[in-house]
Every structure is written in structure tokens, then in C-alpha cells.
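In: Fold the following, please.
(2 chains)
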Amino acid sequence: MIMLWFKKKNRGIQNDAQRKIPDGLWLKCDECGEIIYKKQLDRSYWTCPHCGFHFKVTSDYYIRILLDEGTFEVMDENILPKDPLKFKDRKKYVDRIEAAKKKSGLSEAVRVGIGKIDNITVSFGIMDFRFIGGSMGSVVGERLARAIERSLDMKIPLIILSASGGARMQEGILSLMQMAKTSALLAKLDDEKIPYISVLTNPTTAGVMASYASLGDIIMVEPKALLGFAGPRVIQQTIAQELPPGFQSSEFFQKHGFVDIITQRKELRKNIALMLRYLYRPADNIPSIIFSD
Amino acid sequence: MPIEFTLDFEKPIIDLQRKIEEMKSIASQDGVDLESEIMSLERKLQKLRVDIYKNLTRWQRVQVARHPRRPYTLDYLSKISQNFIEIHGDRNFRDDEAVVCGFAMIDGRKVVVIGQQKGHDATENIRRNFGMMHPEGYRKALRAMKLAEKFDLPVVIFIDTPGAYPGIGAEERGQAEAIARNILEMARLQTPIVITIIGEGASGGALGIGIADVLMMMENAWYSVISPEGCAAILWRDRAFGKQSADALRVSAPDLLELGVIDKILPEPPGGAHSDPNRAAEILKENIIAELDRLKDVPKNELVDMRIAKYRNMGIYKQA
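Out: Prediction:
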């Protein structure tokens, strides 16, 4: 059954990968420095065949490998950023938004909607680091709030895949309040015993890590992702000493008890589906395309 | 009173204060009658304080909020409450002294109090870690809140922190998880939560004990997603742009009231809370009492629904 899924998904992956290949046929691994043939990366879910390093991939790519083909219905795209503080540093916030839109082809740093994983309908949210570092402002908070409310209304599981540098400075205190907004609604989800799986990708830090990303019933993460509350540079400046090797990695966080499952990207869909089978009783009556009983 | 620390814009006030002290000592030593002169100077001093403090910039307010003589949680507690008894530890790792938790009576009202605590001198600051909490501090605070819920006592919180501590141990023990957990649990806590930002409200460090039914902020306190210097370091690539950053982030109490994040500004005495801590405490006490009495009879489930709805509605965006 698992093979069936691989076969089905492979075509989509190649399409996506081809689109994002820059010039040249070869790529150097950020982690081990080995030179990799790009076609080989396509086949290995954009992970290094030598050291297993997980390259950053786009939200489109995750949608393609995680959700049942063609099932993702994107919602709340009409919720769009404003510039409530008229924020300007060296650049205007409105210009940063325009640049991010152009760069990512997205309207904001998160997409939410309804999709299926292994035939199970879920409320799905997925962040994209390309949009102002995946930062959370009012739009990310509102879209996720609606995603959580859809879970509540429809009594369906919530899956949020995070990739974020934290709260968006350009919306000031309103960004901080999005941590409160999302987490407060997750309290309701918890009361209703509706499963929430939080998936962390490289990197997930600061305000996002200190709110919904850390509140999953189950927390999954890809190997060697950067996680944490404070950024490594801030910590280094504060304590004025070298940081230990592997500090704030997925493995570090698992060792210290803050993430449940480190999962290879190619196993991610299967592991989410498996957890849904264990946590979500209505799924007992939904036939699986991945698992046999 | 020894004056060991002066903010630039406070200089005229301090100079005038010195002059008055001098005249007073001349008057007492030499028996010269300077009473009318002294009184006129004192009137002038009061007016000067009002004038200077009326027009503070955001960045100046940040300096006032960090004034080493500004009253901290324990200073206020000693002035506004009786029979305070502190509780310690998160029952898991250690006692984080950057946050004080305990029980107290405010004009006969029994409450659980939680407050970040800075030190007035170097020794106390080391002990208090400058008011920067570790995960065990957030967990101690949550334990105190759960006790409040269990024994039907309202929670009174004071926020005053330059941030949650960014260190190796803090990450090892889950700083992010501790803050996230507190936000979630505070949102559904079945007892009233009345919070005042008395000094600095830096980001997640403040929010980790910051979910309230009513959030008040002292006139010269600041509250922001990131400290002005931290933001300047990232967006201006230079910490020296704190002033510009404070303006861009809009960190002052009037800003936050306008943005719908706080419910009320508590006025400070002219010259700031540190110039008249007793008066500052009186204002604080009156307001806390009023809010406790207002929330006392609200049914608990309604209280929680209203609290969640309040945070649910925060944010400003376009709906196309």
C-alpha cells in the first residue's frame, strides 16, 4: 500500500522540483558539502543522499507530498495584510509585503484550508519561510484562527506545518497578540478533544515556537531543523560563549523532551496519517490508502 | 534621598531638587527664614515635573520604565497588600527568583499574586536575573495560577521584564513550550486575571504571564513584540536606533490603548512612578480593586468565553 502512495505522488514531486531548480545540474549540500546531482535530489525528497540533510522546500512542495492529490481547497485568501502601524525602517513595510508576494507567489506567510491525508479530511495550515521569513502578523494569526475554528466546527483534525522566524516586527504588538489569539483557540480545541498535529520544519523559532507550534498533541519535526525560542546569535551574545554543537537542532529538542517524533521528509505523510489513525476515532470508518489493518 | 541615577531629561528636575535641599539646609543651619522662597521653588519643581513628563517621547518613556529606582513588584506589594506569603518553585526543577508568586490580601480581598521581579542593586539583580524568567519560572507561575483556580481566588499579575532569558539552559528546558503552555492555560483559567504592566513588557517574556481579563498599563511602561534595541539591531542593523525603533513599533501605553491591546492606562505621578512610589501604588491599588470587584461575580464560564473572544478578535487586516 505504501508503494502505491509513492508511485502516485512521484510525478507531482518531479514537476515541482523541476520548476525550482536554478541554473546548473549540480548542487552542493549545505551540511556535508558533497556535490549532488539534482535529479538525485528530486528522487530523495530534496534530502542529501550522503548525509540526509533536508533542503528547504516550498509550501507547494509540502502540499504535494502530504495531501491526497487534488484535495487541498485553499481558503481565507481574502484575508490580506494591512499596515496598521505605518511601519518604516530602512524599508517600508508595504514594500516588504509587495517584494514577498513577488518572490513567493503567495498572498501571505500561511495558507489554510481543507484537504485530505490518507482519505481523512483535515483542517490544514502551512507556512512558507519565503514570505518575510514566515513571520506571523495579523493575517497569519487570523487565517490560522479560522483554520482552528474550522476544526472546531467540523470536528476534524488540525494539522499545522510551521516554518517561521517568529512574530512579524512590522506589525508590532499586534503580532505578539497573534500568539495569544491562536493559542487561546487551541485551548478550545483541546477541550473538545480534537487532535492537533504540529509539524515543525527548518526553521521554527521565537513567537511561532512559543505559541501554536509547541502546542500540538503530537509534535513532529524534520531532522536537523533549527528550533528554539531565542535565536542562536542572541543567545551567544547574551552568554558570551560558544554554543555546543547541535544546539537547538531537532535532535537537541527531542533529547530534552520537547518534540515527539523526528521524521524523514519521505515518511512525513505516512507518520501524520498514522497518528491520525490513532488519535481520531471517526477515521476508524475511513478506508486507508496507506495502511492495512 | 540619594540620587545616584539621572536620566538626561530629568536633569532640570534634579538640579532644582538640589537647590531646594541646599536652601533647606541653609535655613536650618543659619536660622534664616527662606520658607517663602522654598515654597515657591517647590511649586516650580512640581510644574517642571508635570511639564517634562507630559511631553515624553516613546524612547524617553522606555528609559523611565527602566529607571533603577522605579518601584518593582515587591515594592508595590508591600504598599498595596497585607499578609503576603510567598510560594516557591515549579515542583520540577528549581525556584526561579525572576518571578515572585504567592498569596496576599488587597484591602481584604484574598488573591494570588504573580510578578516579575528586578533588583534595585547588582546583587539582587543577579539573584533575580534582571527579571528575565527561565522556563521553570513560567511553570511556577502556572502552578500558582492553577492553585488560584482550584481554590477560587482571583489572580493579580505584575509584568516587568526585559524579556524571557535567552540562554542554553532556558532552551534545554523548553522556554518556548513553557510560554506557549502558559498562554493556552491562562486563556481557559477559570478565575479572574487582572494584569498591570508596571515597567517593561518585552515580547514573549511578558506574554507568558500576560493573558488577562483586564490588562492595564502604567503611563510610562512599554510593551512590544521585541525590545526597541532588539528590533533596531535587526531592521536597522544597529542597536543605536532604539529611538526610531520605539516610534516605529509604537511601544507606549497610549499606542497600545489605541490598538485595542490594553484596556486602561494608569496615570503615574508627575515625574514618574519613581518620583512618588506611594502615590503610584495608591493609583495601582484603586484600579486593581475596582477590576477585581467588577469581575468577582461574572460566572466563570462566561469569563473564559469573554477572555478567549477578546484575544480571538485581536489583529488588523484587510478583508477583500
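
In: Longest strand in the chain, please.
Out: This is for chain A. Ranked by residue count and defined by DSSP state E, the top strand of chain A is strand A:196-205.

In: try again with chain B
Out: Ranked by residue count under DSSP E, the longest strand found in chain B is strand B:193-202.

In: sorry, back to before: other SSEs contacting the longest strand of chain A?
Out: Strand A:196-205 is packed against strand A:158-164, helix A:172-191, strand A:218-221, strand A:227-228, helix A:265-279, with contacts defined by 3 or more C-beta pairs under 8 Å, 6 or more residues apart in numbering or on different chains; DSSP states H and E. Heads up, the C-betas are built off the backbone N, CA and C, glycines and all.

In: Direction-wise, compare the last one with strand A:158-164 and give the angle.
Out: If I follow you right, that is helix A:265-279. In terms of direction (axes from the mean of the first three to the mean of the last three C-alpha atoms, to 10 degrees), helix A:265-279 departs from strand A:158-164 by 150 degrees.

In: ok, and what's touching helix A:265-279?
Out: The contact list for helix A:265-279, computed with C-beta atoms under 8 Å, 6 or more residues apart in numbering or on different chains, reads A:2, A:5, A:9, A:44-47, A:54, A:57, A:65-66, A:117-118, A:120, A:122, A:157, A:159, A:195, A:197, A:199, A:217-218, A:220, A:222, A:261, A:263, A:283, A:288, A:290-291.

In: Are any of the residues you listed buried, and if so which?
Out: Buried subset of the contacts of helix A:265-279 (neighbour count, 16 or more other C-beta atoms under 10 Å in any protein chain shown): A:5, A:9, A:44-47, A:54, A:57, A:65-66, A:117-118, A:120, A:122, A:157, A:159, A:195, A:197, A:199, A:217-218, A:220, A:222, A:261, A:263, A:283, A:288, A:290.

In: chain center to the host helix or strand of residue B:23: distance?
Out: Element membership of residue B:23 [criterion: DSSP states H and E] is helix B:11-30. Relative to its chain's centre, helix B:11-30 lies at 32 Å (C-alpha atoms, centre = their mean, to the nearest Å).

In: and it, which residues are buried?
Out: For helix B:11-30, by 16+ other C-beta under 10 Å, it's B:13, B:16-17, B:20, B:23.

In: Pop the domain breakdown of chain A in here.
Out: Using automatic domain parsing, the domain ranges for chain A come out as A:24-55, A:57-291.

In: Let's have those in TSV, adding mean pLDDT.
Out: Below are the domains of chain A laid out as TSV (pLDDT from 0 to 100):
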stretch	mean pLDDT
domain A:24-55	88
domain A:57-291	97
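
In: can you put those domains in a markdown table and add distance to residue B:51?
Out: Converted to a markdown table, the domains of chain A look like this (distance: least, C-beta to C-beta, whole Å):
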| stretch | distance to residue B:51 |
| --- | --- |
| domain A:24-55 | 58 |
| domain A:57-291 | 29 |
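
In: residues touching residue 53, list them.
Out: Unless you meant another one, I'm taking chain A. Contact analysis of residue A:53 by C-beta under 8 Å, 6+ apart lists A:29-32, A:47, A:223-224.

In: Oops, wrong one, chain B.
Out: Neighbouring residues of residue B:53 by C-beta under 8 Å, 6+ apart: B:220, B:268, B:270-272.

In: from the buried residues of helix B:11-30, which is closest to residue B:54?
Out: Nearest to residue B:54, judged by C-beta to C-beta, of the buried residues of helix B:11-30 is residue B:13 at 12.9 Å.

In: So the closest one is in contact with residue B:272, correct?
Out: No. If you go by C-beta atoms under 8 Å, residue B:13 and residue B:272 don't touch, sitting 9.8 Å apart.

In: where does the helix or strand in which residue A:101 is found sit relative to the chain's centre, distance-wise?
Out: Residue A:101 is part of helix A:93-104, with elements assigned from DSSP H and E. Remark: helix A:93-104 is offset 20 Å from the chain centroid, using C-alpha atoms, centre = their mean.

In: export the longest strand of chain A as PDB, just CAs?
Out: Listed next in PDB are the C-alpha coordinates belonging to strand A:196-205 (Å, rounded to 0.1, in the frame of the first residue of the first chain):
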ATOM      1  CA  TYR A 196      -3.800  18.700  16.600                       C
ATOM      2  CA  ILE A 197      -0.600  17.700  15.000                       C
ATOM      3  CA  SER A 198       2.100  20.300  14.800                       C
ATOM      4  CA  VAL A 199       4.800  19.800  12.200                       C
ATOM      5  CA  LEU A 200       8.000  21.800  12.500                       C
ATOM      6  CA  THR A 201      10.300  22.400   9.600                       C
ATOM      7  CA  ASN A 202      13.600  24.300   9.300                       C
ATOM      8  CA  PRO A 203      13.500  26.800  10.900                       C
ATOM      9  CA  THR A 204      10.700  27.300  13.500                       C
ATOM     10  CA  THR A 205      11.600  29.700  16.200                       C
END
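
In: That strand: what's the following helix or strand?
Out: For strand A:196-205, the following helix or strand on the C-terminal side (DSSP H and E) is helix A:206-209.

In: That following helix near chain B at all?
Out: Yes. Judged by C-beta under 8 Å from any C-beta of the partner chain, helix A:206-209 comes into contact with chain B at A:206-207, A:209.

In: Chain B contacts on the stretch 51-200 of chain A?
Out: Applying C-beta under 8 Å from any C-beta, one finds that the stretch 51-200 of chain A approaches chain B through A:78-82, A:84-85, A:87-90, A:137-139, A:141-142, A:145, A:167-169, A:171-181, A:183-188, A:190-191.

In: Residue B:220 touches residue B:253, doesn't it?
Out: Yes. Residue B:220 lies in contact with residue B:253 (C-beta under 8 Å); the separation is 7.5 Å.

In: so what sits against both of those two?
Out: Shared contacts of residue B:220 and residue B:253 (C-beta under 8 Å, 6+ apart): residue B:61.

In: what does whichever strand or helix holds residue B:104 contact?
Out: Assigned by DSSP H and E, residue B:104 falls within strand B:99-106. Strand B:99-106 has contacts (C-beta under 8 Å, 6+ apart) with B:73-74, B:77, B:80-88, B:110-117, B:133, B:137-138, B:140-141, B:143-144, B:153, B:156, B:209, B:285, B:288-289, B:292.
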